[in-house]
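J.: Whatever this is, show me its structure:
(chains A and B)
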Protein chains: 2
Amino acid sequence: MTHRCKRSSGLWKIAVWDEPFFQGKKHEFTTDCYSTLDHGFSTVRSCRIESGAWAGFEHCGFQGQQFVLERGDYPCWEAWSGSNAYHVERMCSFRPIATQHRGTRRGRGCSGSFWHPQRGGSMVLPALSHRRSLLCRRWVCSQYPGYRGFQYLLESDSPAGEYKHVREWGSHAQTGQVQSIRRVQQ
Amino acid sequence: MTHRCKRSSGLWKIAVWDEPFFQGKKHEFTTDCYSTLDHGFSTVRSCRIESGAWAGFEHCGFQGQQFVLERGDYPCWEAWSGSNAYHVERMCSFRPIATQHRGTRRGRGCSGSFWHPQRGGSMVLPALSHRRSLLCRRWVCSQYPGYRGFQYLLESDSPAGEYKHVREWGSHAQTGQVQSIRRVQQ
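T.: Have a look, this model is predicted:
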């Protein structure tokens, strides 16, 4: 079944299954899923991103650990959980990652301006700045080098594009440790 | 203690500890470590890449699962193991990842020419071509999107820069499934 609620642009499509390796009941979404329970299944156990980039979350209501999901196949929870201190065998909500500003800011973009981690060592980022400029981007920060460990999705439509404290990063993990940063792929 | 054997250029430096979180006995290397046992410790339980990029291996003699290690801190095995089907709590050998051709090919470079994974789906790559051109690069291929899962290090000084079968990728994993590819960072 395909779920279309709220806004749907055709830019995003995710297929999810309630069993690993694309088995069990299949559901397709083109927009937010606040809770898998609302659609009759308890959690996602495999998924395929068919278009756009998506943010997956451990708990319902876009809470808990964050997983940036780009185009491709995720046959089991290991495929999206990363090498985290605790392993997340579920994903109970997900939503598209927007690449354009909405409302009055539509069409304007942003580029990233970060306090970079000190090269060659770990650090705690007390705050992070992400100002609007020419190109609109979303960033994924990772706990360890090589895009491993906990992920934090940073989006430029946060108030003023700034993250003044790790608590504002919106992740359950909140280690505050970032050793690699990259753009979200569309 | 610092171990310098064979060639040492000053371009690569790794500090390893025999306990997690940079505890226990510390060893520094500037070149290949064929076996941690040769240096009086059974395995690496935490490490810091101070310069250059390194390839870590599950077993002695550069065998088993491969881990591409770039600058930064790896406080525990979860930091380098990725989200693999089985978790590797050890790293028993490691070596620098060269960015220049050696011998007669010194100074010449290479650029990547891959059979790209089909967008939006997983695939098995039966072979992979990596020909020399203008820029010298090393590539890391990952099993899942977003640089997750098993890693394969592909280097252009493989014979003819070609990998005709997944068995030639040199990894214990050999899933043959690649969903993301990126350059090794120096």
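
J.: residues near the closest residue to A:S81 other than its chain neighbours, how many?
T.: Distances taken as CB to CB, 6 or more residues apart in numbering or on different chains put A:V88 closest to A:S81, at 4.7 Å, once the chain neighbours are dropped. The C-beta positions use only the backbone N, C-alpha and C, and glycine is treated the same way. The burial count assigned to A:V88 is 21, neighbours taken as other CB atoms under 10 Å in any protein chain shown.

J.: just A:E28 next, same as before
T.: Counted with other CB under 10 Å, A:E28 comes out at 14.

J.: is it in a bridge, and if so with what?
T.: A:E28 forms beta bridges with A:T2, A:A15, as assigned by DSSP bridges.

J.: Confirm for me that it is in contact with A:K13.
T.: Yes - with contacts counted by CB atoms under 8 Å, A:E28 reaches A:K13, the gap being 6.6 Å.

J.: what do those two both touch?
T.: Shared contacts of A:E28 and A:K13 (CB atoms under 8 Å, 6 or more residues apart in numbering or on different chains): none.

J.: what domains does the record give for chain A?
T.: Using automatic domain parsing, the domain ranges for chain A come out as A:2-96, A:103-183.

J.: can you give me the helices in chain A?
T.: A:78-81 (DSSP state H).

J.: Report the helix or strand with the lowest average pLDDT across it.
T.: strand A:128-129 (a mean of 51; mean pLDDT, DSSP states H and E).

J.: quick one: contacts for the residue nearest to A:S81?
T.: A:58, A:64-65, A:67, A:77, A:80-81.

J.: most neighbours, which of the residues you listed?
T.: Note: the member of those with the most neighbours is A:F67, at 27 neighbours, neighbours being other CB under 10 Å.

J.: Looks like it contacts A:A53 (just checking).
T.: No - the pair A:F67 and A:A53 fails to qualify as a contact (CB under 8 Å) at a distance of 11.1 Å.

J.: returning to that earlier point: which one of the contacts of A:V88 is nearest chain B?
T.: Distance to chain B across these (CB to the nearest CB) is lowest for A:S81, with 5.4 Å.

J.: show me what contacts that closest one?
T.: A:65, A:67, A:87-89, B:83.

J.: measure A:L69 to A:L153 for me?
T.: According to CB to CB, to the nearest Å, A:L69 and A:L153 sit 10 Å apart.

J.: What of A:K26?
T.: 26 Å.

J.: same check, this time on A:L37
T.: Distance from A:L37 to A:L153, by CB to CB: 23 Å.

J.: So if I had to pick from these two, which one is more boxed in?
T.: Under the neighbour definition other CB under 10 Å, A:L37 and A:L153 were set side by side, and A:L153 has more, 20 against 12.

J.: for chain A, what are the low-confidence residue spans?
T.: Applying pLDDT under 70 to chain A picks out residues A:1-9, A:82-86, A:99-137, A:156-176.

J.: now do 90
T.: For chain A, the stretches with pLDDT under 90 are A:1-11, A:64-66, A:77-90, A:98-186.

J.: you'd agree A:Q65 is up against A:F150?
T.: Yes - between A:Q65 and A:F150 there is a contact at 6.8 Å, judged by CB under 8 Å.

J.: Report how many residues lie close to A:Y34.
T.: Count around A:Y34 with other CB under 10 Å applied: 17.

J.: where along chain A do the strands fall?
T.: With DSSP state E as the criterion, chain A has strands at A:2-3, A:13-19, A:23-29, A:46-51, A:54-59, A:63-69, A:72-74, A:93-96, A:128-129, A:139-144, A:148-154, A:162-163, A:180-183.

J.: Show me the one of these that comes nearest B:D18.
T.: strand A:139-144 (19.7 Å; CB to CB).

J.: Does the closest one reach chain B?
T.: Yes - Strand A:139-144 reaches chain B (CB under 8 Å from any CB of the partner chain) through A:140, A:143-144.

J.: Please tabulate the contacts of A:S81 in TSV and include distance to B:S46 as additional columns.
T.: Below are the contacts of A:S81 laid out as TSV (distance: CB to CB, whole Å):
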residue	distance to B:S46
A:Q65	23
A:F67	25
A:H87	20
A:V88	23
A:E89	26
B:S83	19
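
J.: what's the closest of the residues you listed to A:D18?
T.: A:E89 (12.8 Å).

J.: Skipping adjacent residues, who's closest to A:H59 in space?
T.: Counting by CB to CB, 6+ apart, the residue nearest A:H59 is A:C92, at 5.4 Å.
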